[in-house]
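**Student:** model the following, please.
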Amino acid sequence: MSAQLESAERVNRLCPLGVQFWDVGARTGISDGLDVVCYPKGVAFSEVRGVPNRSGTFSFQNLAFLRKAENGTGDEMFWNSKIATEKVLFVIEVSDPRSRFLPLKFEVNLPHRGPFSLEFHGNVSPLSPLSISPQEVLSRINGPGSKVRMGTWPNSPLQANFCVPLFSAPSRGPIGGQAILYGEILTNLGMPCPWALVTISIEAPRRGPVYGIGLADEKGRVLIMFPYPEPVDLLPGSPYGAASLTDQVWEAQIQAFWEPRPVLSPLGKPEGKVRKKEIPELQTILGQAAAIIAPNNLLTTKTQIGFGRRENIKLTIQ
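**Tutor:** Numbering: from 1, shown residues only. Sure thing, here's the model as predicted:
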């Protein structure tokens, strides 16, 4: 009598979303200590907490309304099917219990095929030859010739794809080897400019420009971290080259992006869940227009960055 072999039942589990985060200040991938949740828009009580894997990718499963999609095969036929093409709009919220980063939220249609990348709303191009958009700054912080717009994890399977930027909170401690610029962003009436973006650029003749970007909190306070530029050669042709490192000073160009419009998630009780504080929407923040800076009423202003010094600026937006 011959034995009959029966094949075991095969169960497919498709992950409808995978997302990585990028520490804009330290310029590295970040996953430890983050609290990332996902829920259908308007149904916040159905949130699912993301779990990071070894590559730092947060994955989400057992999401509301996506049971059939999560049981899909993930092949070409599946992604062309009605189950995959009829998307459901979800909200991703990320916060940091360690207070290193400002909270953010963004929207994504699920299921999402492949690594997640942001879609921007609003102004995505420079407003003048002297203006550089926040998206362009984010694209350059990886250095000249980078093929990614927001940075990627080293040795990650998502290395060719985008990560979601996280901005340092004003209370974050310093990081070794990084320059730090603290700022306060106010209107001409003395009121704070919450969630304003501030960019900094410093020309470096040999290595290329150095860029930094920061996001103001709800009180208009901002912290920008960026690597120090190359030393300034004060004595061309001299065997001593540049001045002492502790005496180095660089001229930096500052630009602000802010619009007096709601960029926050609503207060109250969305579908039965109370939000403890308002959370800025990332796509809207990155689409803010360049602001006019007083007293010269220009799109840019200048400041000086000294090596090892705590630098502070106060910007007044018209």
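**Student:** low-confidence ranges in the stretch 201-318 of the chain?
**Tutor:** Scanning the stretch 201-318 of the chain for pLDDT under 70 picks out 233-243, 261-277.
**Student:** so where do the strands sit in it?
**Tutor:** 210-215, 221-227, 249-257, 300-306, 311-317 (DSSP state E, counting those that start in this stretch).
**Student:** in the last one, what's buried?
**Tutor:** Neighbour-count burial for strand 311-317, counted by 16 or more other C-beta atoms under 10 Å, picks out 311, 313, 315-317. In this view, the C-beta of every residue, glycine as well, is placed from N, C-alpha and C.
**Student:** which one of those residues is nearest residue 172?
**Tutor:** Closest approach to residue 172 among the buried residues of strand 311-317 (C-beta to C-beta): residue 311, at 15.3 Å.
**Student:** any idea how far residue 196 is from that closest one?
**Tutor:** 18 Å (C-beta to C-beta, to the nearest Å).
**Student:** residue 21 too?
**Tutor:** According to C-beta to C-beta, residue 21 stands 21 Å off from residue 196.
**Student:** again, but for residue 203
**Tutor:** Separation of residue 203 from residue 196 (C-beta to C-beta): 24 Å.
**Student:** the more surrounded of the two?
**Tutor:** The neighbour comparison of residue 203 against residue 196 (other C-beta atoms under 10 Å) goes to residue 196, with 26 against 12.
**Student:** spatially nearest residue to residue 204 (excluding sequence neighbours)?
**Tutor:** residue 229 (4.3 Å; C-beta to C-beta, 6 or more residues apart in numbering).
**Student:** repeat for residue 164
**Tutor:** Counting by C-beta to C-beta, 6+ apart, residue 164 lies nearest to residue 21, which is 5.2 Å off, once chain neighbours are set aside.
**Student:** buried residues, stretch 187-202. List them.
**Tutor:** Per 16+ other C-beta under 10 Å, stretch 187-202 contains these buried residues: 187, 192-202.
**Student:** quick one: which of those residues is nearest residue 213?
**Tutor:** For the buried residues of stretch 187-202, the nearest to residue 213 is residue 199 (4.9 Å; C-beta to C-beta).
**Student:** per-residue confidence for that closest one?
**Tutor:** We have a pLDDT of 91 for residue 199.
**Student:** then stretch 58-70 to PDB, C-alphas only?
**Tutor:** The C-alpha trace of stretch 58-70 is given here as PDB (Å, rounded to 0.1, in the frame of the first residue of the first chain):
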ATOM      1  CA  PHE A  58       8.000  49.700  10.300                       C
ATOM      2  CA  SER A  59       5.500  47.200   9.100                       C
ATOM      3  CA  PHE A  60       1.700  47.100   9.700                       C
ATOM      4  CA  GLN A  61      -0.700  44.200   9.600                       C
ATOM      5  CA  ASN A  62      -4.300  43.400  10.600                       C
ATOM      6  CA  LEU A  63      -5.400  46.800   9.400                       C
ATOM      7  CA  ALA A  64      -9.100  47.700   9.300                       C
ATOM      8  CA  PHE A  65     -10.700  47.100   5.900                       C
ATOM      9  CA  LEU A  66      -7.700  45.400   4.400                       C
ATOM     10  CA  ARG A  67      -8.200  41.800   5.400                       C
ATOM     11  CA  LYS A  68      -8.600  40.600   1.800                       C
ATOM     12  CA  ALA A  69      -5.600  42.600   0.700                       C
ATOM     13  CA  GLU A  70      -3.400  41.100   3.400                       C
END
